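J.: Build me a structure from this.
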Amino acid sequence: MDNLNNSNNTNGNGNNNINDNKNDNTTNMNLPIEYDVEGTDKTKRPFNKKLASYIAVGLTCAILGGGISTASALYLIPKSNFFKNTPLYKAVNNSYASPSSYINASATSAKTNSSAGSGLTVSQIVKKVSPAVVAVSTKTNVTQDDYNSFFGSFGNGKNSRNSVQEGMGSGIIYNKDGYILTNYHVIKGANTITVILNNKKQVKAKVVNYDESADVAVIQMTGDFTVPGVAELGSSSSLNVGDSVVAIGNPLGKELLGTVTTGVVSALNRQISVGSEDSSNNGFGDNNNSSSGTTSGATQEYIQTDAAINPGNSGGPLVNSLGQVVGINTAKVSESGVEGIGFSIPIDTVKTKIQNLSKPMLKLGISCEDIDKNTAEQHNIPQGVYIEQVEDLSAAQRAGLQAGDVITKFDGKKVSSTNDINQIKGKHNSGDVVQVEVYRDDSYKTISLKLSDK
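T.: Down below sits the predicted model:
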């Protein structure tokens, strides 16, 4: 997997070098967005932002060595002021200030328990869609307190500890070749991915491609497998507020595979940015300058629903009354006094990306970290992407990129983050040649790089 993320390996396989220290086993439940963004990173950087700065309005909560429970992970969301300062949060608070709001919400939910509206019944929807819903189980090698990077001088610890972090999310089979849609944050940084089908059979999978800024990824089952079902992708543009919907996924892990919840479309075109208080952060809780990077602060439109979305539902389908997937469940608001506010990526947004995401990702073969404006000023270097390591026999090595280079332009366009490079790279095909500007030895050089998916 060519992550091209901060401190992530971009060699196409997602592996990072792990020394022979004694391993600690950690369990991370990649639930819809409860971003333990810190958890999926391979190398922890010494100047991480405070945990409270990470906005986890989704369901990727983590259980690390049993030290953080699911409840406490969910509770992290309201501790950040970022979401509280948004118009959406204020609107939510105002709408819940009236007792009648609670009464109406309960009454609406009760009506959806037996039927999903004028189309199929809930049980018919489940029968149609469930075979195409999978659990996505990941394992990620994590090195903590490893300060051997370019930024090592900021750390005061010298010991490193290796651990294996386990995650769990959901996914949707969308074609007969075993291609699966899920959230990027579910598979981010994973060294191994296992898909659990609705018949409990486990199948290995690989990352095909992803769009980090949209929090969408495509993985594919490998080896010997039989596709139990293929989901029908509908149109989110046909939804109306008040339409009945069904969410299917794996809340809280393997024990609750295939859980079904019902609700309605609470609102459409919700424009939110689930990111950190820092303006340099990406849209889904990961800071491009922290131990992991996801999006680049982009505001996206979401479907809001009161169907229960819990940790482990990330990447699972939101389904309309015809049994068609209309959204990918991604995030929720966890706040005292606030219930039933979940968000799904509209399927129409995803469908525009599927063709490109179904193609293998182009690989550079570098490990890198983003250099933000403050870091650049402190070290008198340009803002860009710092190359920590170049993979042997990679496209980067063949082009002449070196560890210590700072990429400032890619294909003639200025870049300030790994996500910028991924966005540009995603518009090219294997074999294309791009010009890469790097800062090396106090001067700028332009290097020709031939892109490859190998």
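
J.: got the contact list for residue 397?
T.: Neighbour list for residue 397: 365, 390-391 [criterion: CB atoms under 8 Å, 6 or more residues apart in numbering]. Quick note: C-beta positions are derived from backbone N, CA and C, even for glycine.

J.: and if we set it to 10 Å?
T.: Going by CB atoms under 10 Å, 6 or more residues apart in numbering, residue 397 touches 364-366, 390-391.

J.: Just the buried ones from these, in ChimeraX syntax?
T.: Here is the ChimeraX command that selects the buried residues among the contacts of residue 397 (16 or more other CB atoms under 10 Å):
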select :364,365,366,390,391
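
J.: Residue 356: which of the contacts of residue 397 is nearest?
T.: Set against residue 356, the nearest of the contacts of residue 397 by CB to CB is residue 364 (17.2 Å).

J.: so what's residue 337 scoring on pLDDT?
T.: In this model, residue 337 is scored at 68, pLDDT.

J.: what's the domain layout of this structure?
T.: 124-149+163-221, 366-451 (the TED database).

J.: Highest mean neighbour count out of those?
T.: Highest mean neighbour count of the domains of the chain: domain 124-149+163-221, a mean of 22 (counted as mean count of other CB atoms under 10 Å).

J.: Just the endpoints, please. Distance across it?
T.: 27 Å (CA to CA, to the nearest Å).

J.: same thing with stretch 162-182?
T.: 27 Å.

J.: swap in stretch 222-240?
T.: End-to-end for stretch 222-240, by CA to CA: 38 Å.

J.: Please apply the same query to stretch 358-375.
T.: End-to-end distance (CA to CA), stretch 358-375: 36 Å.

J.: still on that earlier bit, which of the contacts of residue 397 fall within strands?
T.: The strands, defined by DSSP state E, take in 366, 390 from these.

J.: Pick the one among the contacts of residue 397 closest to residue 424.
T.: For those, the closest approach to residue 424 (CB to CB) belongs to residue 364, at 11.3 Å.

J.: how much space between the closest one and residue 414?
T.: 17 Å (CB to CB, to the nearest Å).

J.: Who are the contact partners of the residue lying closest to residue 257 once chain neighbours are set aside?
T.: By the measure of CB to CB, 6 or more residues apart in numbering, the closest residue to residue 257 outside its immediate chain neighbours is residue 250, 5.1 Å from it. Residues in contact with residue 250 (CB under 10 Å, 6+ apart) are 29-31, 133-137, 168-171, 196, 256-259, 310-316.

J.: tell me the phi and psi of the nearest residue to residue 449 once chain neighbours are set aside?
T.: Sequence neighbours aside, residue 399 is the residue nearest to residue 449 in space, at 3.9 Å (criterion: CB to CB, 6+ apart). The phi/psi pair for residue 399 (degrees, to the nearest 10) reads phi -80, psi -20.

J.: shouldn't residue 399 be in contact with residue 450?
T.: Yes. The pair residue 399 / residue 450 is scored as a contact, 6.9 Å apart, by CB atoms under 10 Å.

J.: anything in contact with each of those two?
T.: Here residue 399 and residue 450 share the contacting residues 433-434, scored by CB under 10 Å, 6+ apart.

J.: pretty sure residue 377 is in a helix, no?
T.: Yes. Per DSSP: H, G, I helix; E, B strand; the rest coil, residue 377 lies within a helix segment.

J.: Strands along the stretch 351-454 of the chain, start to end?
T.: 366-371, 384-390, 406-410, 413-414, 433-440, 443-450 (DSSP state E, counting those that start in this stretch).

J.: TSV please, covering those strands and showing mean pLDDT and distance to residue 325.
T.: Output for the strands of the stretch 351-454 of the chain, formatted as TSV (pLDDT from 0 to 100; distance: least, CB to CB, whole Å):
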stretch	mean pLDDT	distance to residue 325
strand 366-371	92	33
strand 384-390	95	35
strand 406-410	97	34
strand 413-414	96	34
strand 433-440	96	35
strand 443-450	96	37
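
J.: Present those as JSON lines; the columns should include distance to residue 426.
T.: JSON lines is the format used below for the strands of the stretch 351-454 of the chain (distance: least, CB to CB, whole Å):
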{"stretch": "strand 366-371", "distance to residue 426": "16"}
{"stretch": "strand 384-390", "distance to residue 426": "16"}
{"stretch": "strand 406-410", "distance to residue 426": "12"}
{"stretch": "strand 413-414", "distance to residue 426": "13"}
{"stretch": "strand 433-440", "distance to residue 426": "12"}
{"stretch": "strand 443-450", "distance to residue 426": "15"}
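
J.: closest one to residue 329 among the ones you listed?
T.: Within those, the stretch nearest residue 329 is strand 366-371; the backing value is 28.5 Å (CB to CB).

J.: tilt between the closest one and strand 406-410?
T.: 90 degrees (axes from the mean of the first three to the mean of the last three CA atoms, to 10 degrees).
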